[in-house]
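A.B. asks: Give me a model of this one.
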Amino acid sequence: MMAAAALRRLNLEVGEHNRTPVIVAAVSFVTAVVLLGVAVIGPGEMQSSTAAGSFETKTITNAKGGYVFTAPASWVTHKRGRSTTLFSADRDVVVAVGPAPKGDLAAAGEKIFDSMTATYSKVRFLGATKQSVGTREAVVFSGLGTNGDKVRLRFVGVTFTDGGRNYSMTAFTREASDPDQVLPRIETILDSFSPSTR
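C.D. replies: Just a heads-up that it's a prediction; the model follows:
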């Protein structure tokens, strides 16, 4: 019931153009969320990252998913079908990218949020907004959840349309992680995302 209430809230807030603050303007993909349930950020001490503004990048293409984007060069990439999952070197940030459910972006976001409530415990909805991501209209939502290792995580999901298809990106970080370290890397992925030619 908590999941259903949160989903209704997501749709309501987006429908009313509520400008609830979203903690990190980042981004989700339904099947990747399930994979992340066991992969995301295990117990242990956080490791410090390099300076927020200085990091090398690499280009990642997922031919099955039909998209390409730029990501931090030190991050580990796993492709599984149309989804791509990225792990920061210290595994304090995990990002899932891929096609989103068809139809209205708010409805697609609800399906993604629902997959999180099925994967994580103590999920708390923090807010949702409609906003522009570059030239694309998007729905951005955020929340908190606890993984199987009892680590409290913050997640931010973005569903957006590009090239006539819906896509999603979801970023997971420790609840106490430094936004100045995380945000530039997430923005690099989202801002560089584009459909690839097949």
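
A.B. asks: List the buried residues in stretch 98-110.
C.D. replies: Under the neighbour-count criterion of 16 or more other Cβ atoms under 10 Å, stretch 98-110 has G98, P99, A100, P101, L105, A106, A107, A108, G109, E110 buried. (Each C-beta comes from the backbone N, C-alpha and C, glycine too.)

A.B. asks: show me what contacts the second one?
C.D. replies: The neighbourhood of P99, defined by Cβ atoms under 8 Å, 6 or more residues apart in numbering, consists of F29, G65, G66, R82, R165, N166, Y167, S168.

A.B. asks: burial of the residue nearest to it when sequence neighbours are not counted, as a residue count?
C.D. replies: Sequence neighbours aside, R82 is the residue nearest to P99 in space, at 5.4 Å (criterion: Cβ to Cβ, 6 or more residues apart in numbering). Burial of R82 is recorded as 18 neighbouring residues (other Cβ atoms under 10 Å).

A.B. asks: Low-confidence regions, this structure specifically.
C.D. replies: 1-53, 197-198 (pLDDT under 70).

A.B. asks: For it, which segments count as helices?
C.D. replies: Taking DSSP state H to define them, one finds helices in the chain at 2-15, 30-39, 105-119, 179-192.

A.B. asks: who does the last one touch, helix- and strand-wise?
C.D. replies: When you say that, I think you mean helix 179-192. Counting contacts by 3 or more Cβ pairs under 8 Å, 6 or more residues apart in numbering; DSSP states H and E, helix 179-192 is packed against strand 67-72, strand 93-99, strand 165-174.
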